[in-house]
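>>> Got a sequence here, can you build the structure:
(chains A and B)
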Amino acid sequence: MAELNIRERQAGDVIVLDMDGRITIGEGSVALRSAVRRLLEEGKKKILMNLAGVGYIDSSGIGELVSSYTAVSKGGGQLKLLSLTKKLQDLLTITKLLTVFDVYDKESDALSSFT
Amino acid sequence: MTETIRLALPSRIEAVAEAAGAVANMVRRLGFREEAAFEIDVALREAVINAILHGNKREEIKTVEVAFKSLPDALQIEVHDQGQGFDPNSVADPTRPENIMKTSGRGIFLIRALMDEVEWFMRPGGGSTVRMVKRL
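Model prediction:
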């Protein structure tokens, strides 16, 4: 089984990435990077990452989230996070990235926040 | 009674999971709560990743030695690589505004934030060691 499974669905003009697994150095980080790059190449610039199924992230995975955020922002898009597990929330709090990312608990709130 | 587990792992990313799996039972036996167990897991994984990438430069022939030691009120972990060591004080604070959007450089910070005691030192016989302690 892949370290990180990413399923893609469309909600209006927002692409929701339902992620399941671990975002760690190697396979998980690469899968995330590939998914975001592909969306940007396809001109899809409103991205919501649903992280409810992600139970673990390491410093490489955190770096990949930052990289994705920067890439989407530079491309004129928006990247937001949905449903962080407590472990992810704790790590993003420690690294002070919770103040950088736009994070939501409810998908409907997240979707309506895109402009 | 103290208990020590020692591992000698190849410098491959797969070794990270092996190290984490080896300490998980000891962490449970010592009675760490789930949150502390997670913090130990994260710090250990970051230390082993650093040893593989920065210490041993991914040269598989070089080993990463890991030792878990149960103390009366704590767990001590040592991760040893065959690298030249580094000055931990030279590592930039990734939470500062000028660094917050950097895509790397959070491993050492996480280790320090999640463990109760952390020190880096060079071994007389060569190589660099990080010693970390988590108290119960």
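
>>> Flag every buried residue along the helix or strand of chain B at the bottom of the mean pLDDT ranking.
Sorting the helices and strands of chain B by mean pLDDT, DSSP states H and E puts helix B:14-30 at the bottom, at a mean of 92. Buried residues in helix B:14-30, counting neighbours by 16 or more other CB atoms under 10 Å in any protein chain shown, are found at B:Ala15, B:Val16, B:Ala19, B:Ala20, B:Ala22, B:Val23, B:Met26, B:Val27, B:Leu30. The way it works is simple: take the backbone N, C-alpha and C, and place the C-beta from them, glycine included.

>>> which one of the residues you listed is nearest B:Val91?
B:Val16 (19.9 Å; CB to CB).

>>> which residues of the chain fall in helices?
Defaulting to chain A. A:27-41, A:59-74, A:86-94, A:107-113 (DSSP state H).

>>> I was thinking of chain B, sorry if that wasn't clear
Using DSSP H, helices in chain B cover B:14-30, B:34-50, B:107-114.

>>> of all those helices, which lies closest to chain A?
Taking CB to the nearest CB, helix B:107-114 is the member of the helices of chain B nearest to chain A, at 4.3 Å.

>>> Residues contacting that closest one, please?
Identification of contacts with helix B:107-114 by CB atoms under 8 Å, 6 or more residues apart in numbering or on different chains yields A:58-59, A:91, A:94-95, B:39-40, B:42-43, B:46-47, B:49-50, B:88, B:91, B:93-95, B:118, B:130, B:132.

>>> What is the distance between it and the centre of its chain?
Mean C-alpha position of helix B:107-114 versus that of the full chain (CA atoms, centre = their mean, to the nearest Å) differs by 9 Å.

>>> same question, stretch A:27-38
Distance, centroid of stretch A:27-38 to centroid of chain: 10 Å (CA atoms, centre = their mean).

>>> Name the nearest residue to A:Ala11, sequence neighbours excluded.
Among residues not flanking A:Ala11 along the chain, A:Leu111 sits closest, at 5.5 Å (CB to CB, 6 or more residues apart in numbering or on different chains).

>>> so that neighbour touches A:Gly12, yeah?
Yes. Using CB atoms under 8 Å, A:Leu111 makes contact with A:Gly12 at a distance of 6.6 Å.

>>> Which one's more surrounded, these two?
Set A:Leu111 next to A:Gly12 and count neighbours by other CB atoms under 10 Å in any protein chain shown: A:Leu111 wins out with 18 against 10.

>>> List the contacts of the more buried one.
By CB under 8 Å, 6+ apart, the neighbours of A:Leu111 are A:Ala11, A:Gly12, A:Val14, A:Leu48.

>>> and which of those residues is nearest A:Lys87?
A:Leu48 (20.0 Å).

>>> what's the pLDDT at the most centrally placed residue in chain B?
Compute the mean C-alpha point of chain B, and by CA atoms, centre = their mean the closest residue is B:Ala47, 2.9 Å away. pLDDT recorded at B:Ala47 is 97.

>>> where's it relative to B:Ala36, distance?
Remark: distance between B:Ala47 and B:Ala36 (CB to CB, to the nearest Å) = 16 Å.

>>> which residues does the residue lying closest to A:Lys46 once chain neighbours are set aside bridge with?
The spatial neighbour of A:Lys46 that comes closest, neighbours along the chain excluded (CB to CB, 6+ apart), is A:Val14 at 4.5 Å. Bridge pairing for A:Val14 (DSSP bridges) gives the partners A:Ala11.
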